[in-house]
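Chemist: Build me a structure from this.
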Amino acid sequence: MSASRQITVVFSVLLIACIAGSVLLLRGLDRLRSHATLEEVLYISSPKAIKRLSLGYDGLLADIYWTRAVQYFGNKHNVGAENFNLLAPLLEITTALDPHLVVAYEYGSNFLAPQPPNGAGMPDRAIKLDEFGIRNNPDEWRLYYDLGFIYYTELHDYAHAADAFSRGSRVPHAHPFMTRRRKNRSAPMLPPIYALCKWMKTCLHSRQWLYASGRKPASFRPVSESLRD
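Modeler: Below you'll find the predicted structure:
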């Protein structure tokens, strides 16, 4: 038998042994997974390190990580999980690889902000993600809207919410909803959503007072009529 043929036979045997070992290992992991919960681990958590390892395929790798983030959140949400430890790192890696992947900011911040099981309960990380998105995509008015919404609904920080909506209203081609037409140009600008939120809060307190005092809430005009004014 020639030397080259011997080498071929040896490597063929090694290849078969490796495949057989891989199959046995996977079966062992499946059995282990059915009896125990494996700890969640993200082996490379540094966005900068992954960007260097991407070898120029930043966009492709960003799509892969974004898909992984969506699947991770979906699986966790489906089982009513209380912790989403890998969600923020996955989103941060995604946006570091592709800072212009706007969908990752829009949906990612809404995955992070709400309290479990509806979200990860990390409004601070959601704000950080949106601010990073705004720095890299300053003309995307939806990012300002998402930022203001998180401040308002999750942190009840109405001043920062108003500031985010106001910044978004000055973006070119912003949705009219973000813009308030003012008769008095010297008045401080507040986006309509902020004024609407304050009005709704006042209405709720007023209705509570009416019920407590025994008066009929019918004395209020319907909400739809008030919004048309």
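
Chemist: which residues of the protein fall in helices?
Modeler: With DSSP state H, the ranges of helices along the chain come out as 3-35, 47-53, 58-78, 87-97, 102-112, 123-136, 141-153, 158-169, 192-213, 223-228.

Chemist: would you list the ones you listed in JSON lines and tack on distance to Met178?
Modeler: For every residue, glycine as well, the C-beta is placed using N, CA and C. Formatted as JSON lines, the helices of the chain follow (distance: least, C-beta to C-beta, whole Å):
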{"stretch": "helix 3-35", "distance to Met178": "47"}
{"stretch": "helix 47-53", "distance to Met178": "30"}
{"stretch": "helix 58-78", "distance to Met178": "26"}
{"stretch": "helix 87-97", "distance to Met178": "23"}
{"stretch": "helix 102-112", "distance to Met178": "15"}
{"stretch": "helix 123-136", "distance to Met178": "14"}
{"stretch": "helix 141-153", "distance to Met178": "6"}
{"stretch": "helix 158-169", "distance to Met178": "4"}
{"stretch": "helix 192-213", "distance to Met178": "8"}
{"stretch": "helix 223-228", "distance to Met178": "17"}
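
Chemist: Which of the ones you listed sits closest to Phe177?
Modeler: Closest to Phe177 of these, according to C-beta to C-beta: helix 192-213, at 6.8 Å.

Chemist: pretty sure Glu92 contacts Pro47?
Modeler: Yes: the pair Glu92 and Pro47 qualifies as a contact (C-beta atoms under 8 Å) at a distance of 5.6 Å.

Chemist: Relative to His175, which of the helices of the chain is closest?
Modeler: Short answer: helix 141-153, nearest of the helices of the chain by C-beta to C-beta, at 6.2 Å.

Chemist: could you say what helices and strands that closest one packs with?
Modeler: Where contact means 3 or more C-beta pairs under 8 Å, 6 or more residues apart in numbering; DSSP states H and E, helix 141-153 is packed against helix 102-112, helix 123-136, helix 158-169, helix 192-213.
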